[in-house]
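pasted the sequence and its predicted model underneath.
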There are 2 protein chains.
Amino acid sequence: MTRGRPRDPATDAAILTAALDLFIEHGIAGMSMEQVAKRAGVGKPTVYRRWSTKERLVADAVESHVSADIRWPTSDEPDDIRDHIRRNIAAAATTATDPKFRGLVAQIYGSAVSHPALMQTYWNHHIAPRRAAVLAMLRRAQDDGVVAADADLEVLVDMLAGAVTYRVLQPDPPTPRQMRRYLESAYRQVGLLT
Amino acid sequence: MTRGRPRDPATDAAILTAALDLFIEHGIAGMSMEQVAKRAGVGKPTVYRRWSTKERLVADAVESHVSADIRWPTSDEPDDIRDHIRRNIAAAATTATDPKFRGLVAQIYGSAVSHPALMQTYWNHHIAPRRAAVLAMLRRAQDDGVVAADADLEVLVDMLAGAVTYRVLQPDPPTPRQMRRYLESAYRQVGLLT
């Protein structure tokens, strides 16, 4: 970021939205700064004044989207763990089946090897906090004896999160209702639901 | 495919290899038929004579690669299920941590929403047979009482396969040895290992 002239928040927002949409449609390799500028209705220099590469721009676009638009369960300590898990599942089923989220996850996974910085950004800002919340639930369940004492909780989290992303990218994506039942099965498998 | 002149298998192989490499490096949206022709050392008409679109070409390239180069466990009925599972895990750990496989999976996932035909091809030729083999193991384990009678086996397969692909696309990919231990934890969780 250069520090020259003051920035216009509306212009920044338009650029970020254009970048996110182009990323979802075409992936990082299939989009250009020129297309972003055109779709946002600004000149190319306006984009470059703020972001030096499309990788940084897309990372910011992903970050602002996942922090603003996607509602995942919080990690607040709940009174009733079962209620908390039910709310978790309902929120995850809605988010995971949202077409925009599906497209976003696909492209981030797609760039994981060729553009690892994007996955790293997504990991730090989106995945890591959710992961911590699920790990906390699993630790509690392990203390209560419903999850095996010798289970590798990091692997269990991957099994839950991995199943969801894997399922939504399969050729026949689920409805929110199917996804809820799917999540109930997965949570039951690891001992988080009875 | 047009039927005009007889095809040269070596030329076809060079085109398929070039297409696969470009797909892994740049994804479907970031590659062109022109680049494929150039890398294969042939003229563009030679490529178009055989494949009318890059989507078809990449689908064939993925199919020929996964059927030729990647060794996954077979679905042969084993004498000893535990031995069979150990061999399964060793083979899966080697394949899943291969950089080329990692890049390929990333790009196929990446195009799952924007180019669903590629995921469908990969699903039919690569995933479906492996899925059937793991389902057969789970059914056997369910009959033996080690997997819960009411478990949704389709969800369990996704938890195993999803965890593996999720893990290898994470920012800090595992070594084959780490992957083997990871798979052992996951198999233990669903009841396929004691």
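Nice, thanks for sending it over.

which of the three states applies to the closest residue to A:Gly43 other than its chain neighbours?
For A:Gly43, ignoring the flanking residues on the chain, the nearest one in space by CB to CB, 6 or more residues apart in numbering or on different chains is A:Ala37 at 6.1 Å. The C-beta positions use only the backbone N, C-alpha and C, and glycine is treated the same way. Following DSSP: H, G, I helix; E, B strand; the rest coil, the label given to A:Ala37 is helix.

return the backbone torsion pair for the residue sitting nearest the centre point of chain A.
Centroid-nearest residue in chain A, with CA atoms, centre = their mean: A:His126, separated by 5.2 Å. A:His126 has phi and psi values of phi -110, psi -50 when expressed as degrees, to the nearest 10.

could you do the one 4 residues further on as well?
Per-residue torsions, A:Arg130: phi -70, psi -40 (degrees, to the nearest 10).

so where is chain A shaky, pLDDT-wise?
A:1-6, A:66-80 (pLDDT under 70).

just checking, A:Gln189 touches B:Ala163?
No: applying CB atoms under 8 Å as the test, A:Gln189 and B:Ala163 come out as separate, 11.8 Å apart.

what touches both of the two?
A:Met159 (CB atoms under 8 Å, 6 or more residues apart in numbering or on different chains).

identify each buried residue in the stretch of helix or strand A:Leu57 belongs to, please.
Under the criterion of DSSP states H and E, A:Leu57 resides in helix A:54-68. Applying a neighbour-count criterion of 16 or more other CB atoms under 10 Å in any protein chain shown, one finds A:Lys54, A:Leu57, A:Val58, A:Ala59, A:Asp60, A:Ala61, A:Val62, A:Glu63, A:Ser64, A:His65, A:Val66 buried in helix A:54-68.

excluding chain neighbours, what is closest to the closest residue to chain B within chain A?
Closest approach between chain A and chain B, counting by CB to the nearest CB: A:Gly110, at 1.4 Å. Using CB to CB, 6+ apart and skipping the chain neighbours, the partner closest in space to A:Gly110 is B:Gly110 (1.4 Å).

mind listing what the one you found touches?
A:Gly27, A:Ala106, A:Gln107, A:Tyr109, A:Gly110, A:Ser111, B:Gly27, B:Ile28.

give me the subset of those residues lying in helices.
If you go by DSSP state H, these have A:Ala106, A:Gln107, A:Tyr109, A:Gly110 in helices.

list the contacts of the first one.
Applying CB under 8 Å, 6+ apart, we find A:Ala106 in contact with A:Leu169, B:Tyr109, B:Gly110, B:Ser111, B:Ala112, B:Val113, B:Ser114.

ok, now the second one?
Applying CB under 8 Å, 6+ apart, one finds that A:Gln107 lies in contact with A:Phe23, A:Ile24, A:Gly27, A:Ile28, B:Gly110, B:Val113, B:Ser114.

let's see it at 10 Å
Contact analysis of A:Gln107 by CB atoms under 10 Å, 6 or more residues apart in numbering or on different chains lists A:20, A:23-31, A:58, A:62, A:115, A:118, B:27, B:29, B:109-114.
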